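[1] for reference, the sequence and a predicted model appear below.
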Amino acid sequence: MFKKLVVIFACVFTSTVVAGVPPAEDLRLYDIAEATSAERIQADIEKLVGFGTRHSLSATDSETHGIGAARRWIYGQFEDISTACGGCLEVVMIGATVSGENRIPDPHEIVSVIAIQRGVHDPGRMVMMSGDIDSRISDPMNAIDASPGANDNASGMAGVLEAARVLSKYRFSGSVVYAALAGEEQGLFGGKIVVKHAIAHDWNLDAVLNNDMIGNISGINGVIDNHSARIFSEGVRAAETPEEAALRYRTGGEIDSASRNLARYIKKTGTQYIRNLDLVMIYRLDRFGRGGHHRPFNAAGFPGVRIMEVNEHYDRQHQDLRNVDGRHYGDTIEFVDFRFAAKLTALNAVALAAMAWAPAPPSTVSIKGMVNHSTTLSWQMGDDENLAGYRVHWRPTTAAEWTRSRYVGAVDSFTLQDIVIDNYFFGVSSVAKDGNESPVVFPGPAGAF
Ligand SMILES: [Zn+2]
């Protein structure tokens, strides 16, 4: 009798606690995680390598060789994907003439190819996956010789196409943007041009997942590793004003930019939905002194990260194809692991889908609690019809990831009793009725999306 009572009480207690809380998982994301194809990624990398060179200053008048052929083929791929989903993609070329630069002295058209899958409820809100069209070898000005760029960055480019194939089978609340960026190796010009376009067209871009080298599993140090990946993110936002910096200095946010919380989000989502993948957040913009196409987006204030392999092989980056004393140099396709590239593509796909299904990240998040034993977070209530409510998060100041959270429902403010503001970092996320959640937003301009 006593045992039975305990069981009944346990059930009542559980259902009381759970009622109203959206589900913690979305089973569709497991399907998405399984859907990326190593074979299709291999075929796309072979095709891209087959253009001979994709150097930004290479031929544009050939149908089989050079950067012009490569971008037209990518455009055609997006069009084919769009046809298969009933015209669900808007495919556009966004370009400009660049000249007078170190690596583009004479006028050249730098043209990126962008495909937009419009959201159903909130089409103005966007999340982007990007890769690069172009390649280079030892001399950054060599536009003639073979430059396969198989891992750098046909792998990321093929990943973008594959993510579009997989995600275009679904309908999302917000929009998903698939970006083939040009001119990366010459100075991040395609990204800069797309950023200008995004600002001119009022893009509400909440995330850029830039993929640059997602297919190499053998490091130059001999490490073989097909189960881990890095997510690079800026700590303090590049676009911070001096006033915002002064505020941050006194109230915190050095490791809580929107980009950093996007990185945490990708790690959490990937850890949940992707099998056998250990995600390593790197608390820096990019590799030491090196660059990638998320940077122009960060510079303009858009949250963005770089996703890539952990173990790089420098003999296979930016190298003339050659053999020296039996040592191979060059970024050739036999060193790309297509299954690994498919896995990192799946990582992108689940993070993009979860964000596009989730409501917008909370806006105007603020916090108070100075000289108080409790902490109050406030934010603006969203009007997304898919919104269920909000979750407040907190963590010790030395914790890398959010450790504690509480679902608080459809309110625009919540007080955490007896949680002292000084001893934790805080944030808020939006939660959809289907359980998908936005990234956590740190209060104030330091963390705003
Ligand atoms: Zn490169």
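    Nice, thanks for sending it over. Bear in mind the structure is a predicted one, so any value in this text is a computation, not a measurement.

[2] nearest residue to Pro140 in space, please, no chain neighbours.
    Spatial nearest neighbour of Pro140, excluding adjacent residues (C-beta to C-beta, 6 or more residues apart in numbering): Arg103 at 5.3 Å. Any C-beta I mention is one placed from the backbone N, CA and C, and that applies to glycine too.

[3] and what of Ile104?
    Per C-beta to C-beta, 6+ apart, closest to Ile104 is Val98, 4.7 Å.

[4] likewise for Ile224?
    Closest residue to Ile224 apart from its sequence neighbours, by C-beta to C-beta, 6+ apart: Ser218 at 5.2 Å.

[5] hmm, Glu312 and that neighbour touching each other?
    No. Under the criterion of C-beta atoms under 8 Å, Ser218 is not in contact with Glu312, lying 9.7 Å apart.

[6] looking at these two, which one has more neighbours?
    Glu312 (20 against 17; other C-beta atoms under 10 Å).

[7] dump the residue contacts of Arg125.
    119, 173-175, 204, 206, 360 (C-beta atoms under 8 Å, 6 or more residues apart in numbering).

[8] among the residues you listed, name the ones in strands.
    174-175, 204, 206 (DSSP state E).

[9] filter these down to the buried ones, PyMOL style.
    Remark: buried members of the ones in strands among the contacts of Arg125, expressed as a PyMOL selection using 16 or more other C-beta atoms under 10 Å:
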select buried, resi 174+175+206
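
[10] any chance of TSV for the ones in strands among the contacts of Arg125, columns pLDDT and distance to Gly149?
    Output for the ones in strands among the contacts of Arg125, formatted as TSV (pLDDT from 0 to 100; distance: C-beta to C-beta, whole Å):
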residue	pLDDT	distance to Gly149
Gly174	97	32
Ser175	98	29
Asn204	98	32
Asp206	98	29
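
[11] of the ones in strands among the contacts of Arg125, closest to Glu385?
    Checking the ones in strands among the contacts of Arg125 against Glu385 by C-beta to C-beta gives Gly174 as the nearest, at 12.5 Å.

[12] in this structure the closest one contacts Pro361, no?
    No. Taking C-beta under 8 Å as the definition, Gly174 is not a contact partner of Pro361, at 10.5 Å.

[13] who touches both of these two?
    Taking C-beta under 8 Å, 6+ apart as the contact criterion, the common neighbours of Gly174 and Pro361 are Asp206.

[14] these two touch, right, Ser155 and Val336?
    Yes. Ser155 is within contact range of Val336, at 5.9 Å (criterion: C-beta under 8 Å).

[15] anything in contact with each of those two?
    By C-beta under 8 Å, 6+ apart, the residues touching both Ser155 and Val336 are 45, 215-216.

[16] show the average pLDDT along stretch 223-231.
    Averaged across stretch 223-231, pLDDT comes to 98.

[17] before we move on, what about stretch 324-334?
    97.

[18] hmm, who's touching it?
    Taking C-beta under 8 Å, 6+ apart as the rule, stretch 324-334 contacts 45-46, 49, 135, 137, 147-152, 154, 315-323.

[19] which of those residues are buried? Put it as a PyMOL command.
    PyMOL command restricting the contacts of stretch 324-334 to the buried ones, with burial defined by 16+ other C-beta under 10 Å:
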select buried, resi 45+46+49+135+137+147+148+149+150+151+152+154+316+317+318+319
